[in-house]
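Colleague: Structure of the sequence below:
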Amino acid sequence: MIRSPSKIATVVSLLALLVWKFAGTSFDWYHAWHSKHITAGWAATVHGNMSSVLRGPKQIHQSGRSGYHKVLSPATQKVLEEQRNSTKEVKNFPTLLKPEQDVREKAHGSRTLPYYKHWNFTTHQLNLPGSGDTSAAPTSLEILQNILSSIGSSEDSIDESDECFVPQVQKTAALAKEVSDGAIHLSFPFLNAGFPKSGSTTLQTFLRCAGFKSGHNQNGAKMMENVNAGSTQPLRETQKSELQAYTQLDSNYNECAFPQIQFLDELHAEYPNATFILMMRPINDWIRSVNKWLDMRIRWRECRLPGLICNGKKDRYGRAKCTDANLRHWWCNHIKHIREFVKQYPSHQLLEFDLYNGTQTSELLSQSFGTNKTCWGHSNIRAMNTSNEK
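Modeller: You can find the predicted model right below:
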């Protein structure tokens, strides 16, 4: 009597293969069972002995490094067949085999295809084949590329009075007056385009108090997944139901993604009239807040985000640290990036607020969103943090 579980599994495997071979049934159910129940050693042995059996005439298989055979899709099989019967190059063959390499071919043209993978983190520029249509508006990362080339070294100091550190409240006041007078209206969704630790929780509290359906989840990783899959609604599909406001777009853990940097083109294609919001606080106070929040500075360094250039002292693994000057430049680059993007795509509106000027900000918010001033206040304040972290 056969008592060994591994030997029993082998016998069952052989019987299943014989049934499949002669009955012409699908191999998928066997492959799933085989992978789950047979130990690594016996699996390797069975695969080695049965490799000729697995290569049946009814499917085209491709050997993988693991030793198992992957059944290719009908579309891929068709391309393979075309390639065998013709000396002509089949251009779409690599795309079928490697869908993760599906990236945007030109800077201009379709605004729904992801192209953020063309960003070169060594040169801090876009590597795009072809020259594109120079008569069209620049894409978001082309805008950022131009800003980086004009702003100077990330080691240079930037004066705190620079326009990138000061909210343009006069423009916001003029826009708020037009809204309150009924001349224009702000379109959904409201998108917080600022960085973490810039009052996103406070903004979320305000918008909910004002009666808007607002979300404060980290949406970046899911949106990146949707963009890579070719979705035309990458932000909407991060939620079960549509929101009127997204007060945090980025993801800072595990799979790191900042849609307010990487996916502005996709956001424009999905919501061409969306309203962007920038909550701003003193730059040094922001850096102190970042330093006190769960290794955020270290995590950002690992994220590989366009515009963030870290060139501080290297750790024992050879990774450069992000200095305060690096973070100042990143902030400045981003503010200019958002402002220029809205300028190039004027169907959007941009509202900028001073997080620490409560009287002014509550007045502007009340006019802009038609709500009570008392909805504005500070949230997410930690007792141990003297910088009033938000």
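Colleague: could you say which helix or strand contains the closest residue to Tyr345 other than its chain neighbours?
Modeller: With CB to CB, 6 or more residues apart in numbering as the criterion, Tyr345 has its nearest non-adjacent residue at 5.6 Å, and that residue is His268. For every residue, glycine as well, the C-beta is placed using N, CA and C. Assigned by DSSP states H and E, His268 belongs to helix 264-270.
Colleague: can you pull the pLDDT of the residue nearest to Tyr345?
Modeller: Confidence at His268, expressed as pLDDT, is 97.
Colleague: hang on, the earlier thing: for the helix holding His268, which helices and strands make contact with it?
Modeller: Here helix 264-270 touches helix 140-151, going by 3 or more CB pairs under 8 Å, 6 or more residues apart in numbering; DSSP states H and E.
Colleague: I'd like the average pLDDT over the helix it packs on.
Modeller: 91.
Colleague: ok, then the element right after it?
Modeller: Once the chain leaves helix 140-151, the next helix or strand it forms, by DSSP H and E, is helix 169-180.
Colleague: helices or strands up against that next one?
Modeller: Applying 3+ CB pairs under 8 Å, 6+ apart, we find helix 169-180 packed against strand 349-354, helix 358-369.
Colleague: got the angle between it and strand 349-354?
Modeller: Interaxial angle of helix 169-180 relative to strand 349-354 (axes from the mean of the first three to the mean of the last three CA atoms, to 10 degrees): 120 degrees.
Colleague: give me the number of residues near the residue nearest to Tyr345?
Modeller: The tally of other residues near His268 (other CB atoms under 10 Å) stands at 22.
Colleague: Contacts only, for Gly377.
Modeller: By CB atoms under 8 Å, 6 or more residues apart in numbering, the contact list for Gly377 reads 202, 205-206, 358.
Colleague: Closest one to Leu249 out of the residues you listed, please.
Modeller: Closest approach to Leu249 among the contacts of Gly377 (CB to CB): Thr202, at 16.1 Å.
Colleague: ok, that closest one touching Met279?
Modeller: Yes. In this structure Thr202 lies within contact range of Met279 using CB atoms under 8 Å: 7.4 Å.
Colleague: shared neighbours of these two, anything?
Modeller: Leu355.
Colleague: can you pull the buried residues of the helix holding His268?
Modeller: Residues of helix 264-270 classed as buried by neighbour count (16 or more other CB atoms under 10 Å): 264-270.
Colleague: go on, stretch 270-287?
Modeller: 270-271, 274-281, 283, 285-287.
Colleague: quick one: which of those residues is nearest Pro167?
Modeller: Using CB to CB, the shortest approach to Pro167 within those belongs to Met280, at 4.3 Å.
Colleague: Next one: Met296 from Tyr253, what distance?
Modeller: Separation of Met296 from Tyr253 (CB to CB, to the nearest Å) stands at 10 Å.
Colleague: on that earlier part again, turn the buried residues of helix 264-270 into a markdown table, including distance to Phe212.
Modeller: Converted to a markdown table, those look like this (distance: CB to CB, whole Å):
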| residue | distance to Phe212 |
| --- | --- |
| Leu264 | 22 |
| Asp265 | 25 |
| Glu266 | 23 |
| Leu267 | 18 |
| His268 | 21 |
| Ala269 | 23 |
| Glu270 | 19 |
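Colleague: if we take those residues, which one ends up nearest to Gln218?
Modeller: Gln218 has its nearest neighbour among the buried residues of helix 264-270 in Leu267, at 15.9 Å by CB to CB.
Colleague: So the closest one sits against Pro259, correct?
Modeller: Yes. Counting by CB under 8 Å, Leu267 sits close enough to Pro259 to count as a contact (6.4 Å).
Colleague: what touches both of the two?
Modeller: What both Leu267 and Pro259 touch, as defined by CB under 8 Å, 6+ apart, is the set Leu235.
Colleague: Could you check how many residues crowd around Asn357?
Modeller: For Asn357, using other CB under 10 Å, the count is 14.
Colleague: distance of the closest residue to Asn254 other than its chain neighbours from Gln168?
Modeller: Excluding its sequence neighbours, the residue lying closest to Asn254 (CB to CB, 6+ apart) is Ala221, at 6.8 Å. Distance, Ala221 to Gln168, using CB to CB: 31 Å.
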